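# mind folding the following:
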Amino acid sequence: MSIDVTIRNGLNTAFRLLTGLKKTVVFKRKTSANRYDFNNRFVDSGTVEDTIVEAVVLKDEKMDQRSATNTNSRKLQLLYKTEDVGDISSYDEVEVMGYTWKIGQAPLSETGHVSYVEVYREVDRG
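Below is the predicted model of the structure:
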């Protein structure tokens, strides 16, 4: 058995055992870029491909930005199996816990088997 198969088996076991930290995550990957059609003055937003995976939520953090706009944001740190999602970019979105999150820098760390990414969303300060 190769080292790659051993790592994948161990990773599958680890994700299976982390039931309390796992969330169902939908990666909404844009498969084509936005284009502006000058003839009909319409923005073609391209197509979106949904990929549903299990990810581990490492940290859920509220970030107070103290700005003039009465908002602040939340940050989630996600760990997921790279082969389940593939390549992502900062133009893609993530749906976690019923909310849509923007990807910060995609991905922050990638080992070839596991990827780590931070996602953000604004919330009302109210």
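# and D87, what does it touch?
Under the criterion of Cβ atoms under 8 Å, 6 or more residues apart in numbering, D87 has no neighbours. (Glycine included, C-beta is placed from N, CA and C.)
# measure it to N12 for me?
Here the criterion is Cβ to Cβ, to the nearest Å. By it, D87 lies 21 Å from N12.
# who's sitting farthest from the centroid in the chain?
N39 (34.9 Å; Cα atoms, centre = their mean).
# is it located within a strand, as I assumed?
No - applying DSSP: H, G, I helix; E, B strand; the rest coil, one finds N39 to be coil, outside a strand.
# what does the pLDDT read for it?
N39 carries a pLDDT value of 79.
# from T47, how far off is it?
From N39 to T47 the distance is 21 Å (Cβ to Cβ).
# do V119 as well
V119 is 21 Å from T47, by Cβ to Cβ.
# of these two, who's got more company?
Under the criterion of other Cβ atoms under 10 Å, the comparison of V119 against T47 puts V119 first, with 23 against 9.
# skipping adjacent residues, who's closest to that one in space?
W101 (3.7 Å; Cβ to Cβ, 6 or more residues apart in numbering).
# and the one you found, what element?
Per DSSP states H and E, W101 falls inside strand 99-103.
# pairing partners for that strand, with directions?
The pairing partners recorded for strand 99-103 under DSSP bridges are strand 93-96 (antiparallel), strand 114-124 (antiparallel).
# could I get those strands as CSV with distance to T31?
Putting those into CSV (distance: least, Cβ to Cβ, whole Å) gives the following:
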stretch, distance to T31
strand 93-96, 13
strand 114-124, 19
